[in-house]
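**Q** Below are the sequence and a predicted model; questions follow.
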Amino acid sequence: MAKRVRVVRMSVEQPLWRALTAYRILTMLYAILLAVFGREKYDRPWVAAVFLAVMAVWTLATLPKVSGAVACTKRFLGADLTLALIGILITPLADFQAQHVDGPTLPSIWTAGSVLAFAIKGGWRWAAFASTFVAVANLIERAEPSRDTLHNVLLVWVASIAIGYVVEVARASERTLARALEIEAATRERERLARDIHDSVLQVLAMVQRRGTAIGGEAAELGRMAGEQEVALRTLVSSGLVPPTRVSEDAAEGAVVRTVETDDETEDPGDTDLRALLAPHAGSRVTFAEPGAPVLLPPAAAGELAAAVSAALDNVRVHAGESAQAWILVEDWPDEVIVTVRDDGPGIPEGRLAQAEGEGRLGVALSIRGRLRDLGGTAELISVPGQGTEVELKVPKMARGKAGSVR
């Protein structure tokens with residue numbers, strides 16, 4: 001069934017941009033209020049009024065520019081910083097005593113918004129660049145810089161660089177997380193494809209090899225060739241060369257990519273009765289025991305659980321022999337469904353499963369345990385040599401619908 005990958009963007013930068021937007025508006029109002037309540041000190045109040053009016057119009061008109069990294073261009077950052085520097089430098093024109101008496105400049109702490117925009121956009125280097133210009137402008141504006149002036153300049157410089165560094169660390173963490181999610185999605189898809197191959201192609205090749213060897217003649221040669229292809233395909237699957245689904249990553253805005261796989265076809269919204277999927281296995285050598293009421297699971301979860309049961313029965317036929325007797329027991333508990341598959345075969349020798357996985361025979365690892373793990377359940381295998389094998393499959397009622405999907 002065809003797959004599509006939906007990408008959900010999640011970026012820790014967006015809250016920073018929203019905070020910067022609020023900061024610019026609040027500090028604009030703060031600078032205006034400072035000027036209004038301190039208007040008596042201005043020798044040229046019209047200079048302060050003109051600058052603050054321009055600053056207010058600029059702040060409100062450029063709000064979309066600080067909505068994200070893409071909108072916040074270098075040209076905007078340069079113009080914004082220039083306006084802040086002009087406000088600092090013309091403060092003595094409005095207040096003749098500004099160069100000799102400690103006090104706020106015309107833009108006041110609104111200037112820090114320009115530096116923060118540099119920090120969020122480009123990291124600590126951009127922040128150092130912008131804050132250095134602000135520091136120089138403040139030192140020029142004060143003909144005789146006081147200790148408080150030097151303290152404030154140093155504080156802005158260090159704080160902006162620290163924020164820029166934090167932004168860079170956050171971006172690196174997001175890229176690492178995005179890569180981890182990509183690897184996880186690719187691994188799940190590879191395991192799903194490997195399960196499908198094991199349940200179809202490998203089983204057919206193994207059957208052709210056994211039947212060809214039993215018939216003999218030209219059929220034996222055909223069986224030998226099928227056996228060679230089976231070994232080659234198992235090696236390919238176990239080596240991880242099965243092509244995974246490609247997961248995209250949007251690093252332009254520091255976005256973390258979360259992959260959500262869905263089927264192109266619309267899934268049945270209703271639950272599926274697991275009994276209907278397992279009943280066809282019942283026969284002369286397979287006894288099926290189930291509750292008297294429907295055992296309901298999401299369609300995809302029920303299908304995966306039924307496929308795991310089918311894989312367990314395939315192992316019974318292959319390893320315990322055609323004459324082995326098998327039992328399927330279904331238990332419907334309030335929070336989980338338990339399916340037990342037991343046989344009266346010779347059992348599995350200790351260490352055989354690890355050896356099989358090393359040889360590329362991944363029936364238990366992928367077709368059974370892999371499916372249950374993707375459903376959020378467990379698969380426990382108990383085998384005593386000479387006393388048969390029991391596979392217990394547990395699936396929670398709120399099982400995820402499919403490997404790699406998110407509900």
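**A** Thanks, I have the structure now. Numbering: from 1, shown residues only.
**Q** switch to C-alpha atoms for all contacts and neighbour counts from now on
**A** Fine.
**Q** Quick check: Ala69 touching Lys121?
**A** Yes. Counting by CA atoms under 8 Å, Lys121 is a contact partner of Ala69 at 5.8 Å.
**Q** So for those two, which residue has more residues nearby?
**A** More crowded of Ala69 and Lys121, by other CA atoms under 10 Å: Lys121, with 25 against 18.
**Q** helix, strand or coil for the more buried one?
**A** Here Lys121 is recorded as helix under DSSP: H, G, I helix; E, B strand; the rest coil.
**Q** Next one, pLDDT for it please.
**A** Listed pLDDT for Lys121 reads 89.
**Q** so where do the helices sit in the stretch 301-407 of the chain?
**A** All helices of the stretch 301-407 of the chain, identified by DSSP state H, counting those that start in this stretch, fall at 352-358, 371-374.
**Q** Would you single out the least confident of these?
**A** In terms of mean pLDDT, the lowest-scoring of these is helix 352-358 (a mean of 54).
**Q** What are the boundaries of the helices in the stretch 51-200 of the chain?
**A** Taking DSSP H, counting those that start in this stretch as the test, the helices found in the stretch 51-200 of the chain are 74-89, 91-94, 111-122, 124-141, 147-197.
**Q** hey, which of these is tucked in deepest?
**A** Sort those by mean neighbour count, taking mean count of other CA atoms under 10 Å, and helix 111-122 sits at the top with a mean of 26.
**Q** Give me the contact list for that one.
**A** Helix 111-122 is touched from outside by 13, 16-17, 20, 23-24, 66, 69, 72, 77, 80-81, 84-85, 125-127, 130-131, 134, 156, 160-161, 163-165, 167, with contacts defined as CA atoms under 8 Å, 6 or more residues apart in numbering.
**Q** and the angle from it to helix 74-89?
**A** 160 degrees (axes from the mean of the first three to the mean of the last three CA atoms, to 10 degrees).
**Q** could you dump helix 111-122 to CSV, C-alpha only?
**A** In CSV, the C-alpha atoms belonging to helix 111-122 read as follows (Å, rounded to 0.1, in the frame of the first residue of the first chain):
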residue,chain,number,x,y,z
THR,A,111,17.5,49.5,21.5
ALA,A,112,18.0,46.0,23.1
GLY,A,113,15.2,44.7,20.8
SER,A,114,17.4,45.4,17.7
VAL,A,115,20.3,43.5,19.3
LEU,A,116,18.0,40.6,20.3
ALA,A,117,16.8,40.4,16.7
PHE,A,118,20.4,40.0,15.5
ALA,A,119,20.9,37.3,18.2
ILE,A,120,17.9,35.2,17.3
LYS,A,121,18.5,35.6,13.6
GLY,A,122,22.2,34.9,13.4
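**Q** quick check: angle from it to helix 147-197?
**A** Taking the same axes, to 10 degrees, one finds that helix 111-122 is oriented at 30 degrees with respect to helix 147-197.
**Q** Residue ranges in the protein under the pLDDT threshold?
**A** By pLDDT under 70, the low-scoring segments of the chain are 1-12, 98-102, 143-146, 148-149, 187, 189-207, 209, 226-269, 349-367, 399-407.
**Q** Please report the distance of the residue in it sticking out farthest from the centre from Arg142.
**A** Using CA atoms, centre = their mean, the residue of the chain lying farthest from its centre is Asp43. It sits 58.8 Å away. Distance from Asp43 to Arg142, counting by CA to CA, to the nearest Å: 17 Å.
**Q** now swap in Ile90 and tell me
**A** 11 Å.
**Q** now Leu155
**A** 17 Å.
**Q** And for Thr105?
**A** Counting by CA to CA, the gap from Thr105 to Arg142 is 10 Å.
**Q** if we can go back for a sec, which residues are common contacts for Ala69 and Lys121?
**A** With CA under 8 Å, 6+ apart applied, the contact sets of Ala69 and Lys121 do not overlap.
**Q** what's the neighbour count on Glu392?
**A** Counted with other CA under 10 Å, residues neighbouring Glu392 total 17.
**Q** what bridges to the nearest residue to it once chain neighbours are set aside?
**A** Residue nearest to Glu392 in three dimensions, not counting chain neighbours: Thr340, with 4.4 Å by CA to CA, 6 or more residues apart in numbering. When assigned by DSSP bridges, Thr340 has beta-bridge partners Leu329, Glu392.
**Q** I'd say Thr340 and Ile382 touch.
**A** No. Counting by CA under 8 Å, Thr340 does not reach Ile382; the two are 10.8 Å apart.
**Q** So for these two, which residue has more residues nearby?
**A** Higher neighbour count among Thr340 and Ile382: Thr340, with 20 against 12, using other CA under 10 Å.
**Q** Pretty sure Val330 is one of the things Val341 touches, is it not?
**A** No. Using CA under 8 Å, Val341 is not in contact with Val330; the gap is 9.0 Å.
**Q** With neighbour numbers in mind, choose between those two.
**A** Comparing Val341 with Val330 by other CA under 10 Å, the one with more neighbours is Val341, at 23 against 19.
**Q** Quick check: the gap between the more buried one and Arg171.
**A** 49 Å.
**Q** ditto for Val134
**A** Distance of Val134 to Arg171, given as CA to CA: 26 Å.
**Q** same check, this time on Pro92
**A** As judged by CA to CA, Pro92 and Arg171 stand 41 Å apart.
**Q** try Ala49
**A** Applying CA to CA, the value for Ala49 to Arg171 is 40 Å.
**Q** what does Arg188 give?
**A** Arg188 is 26 Å from Arg171, by CA to CA.
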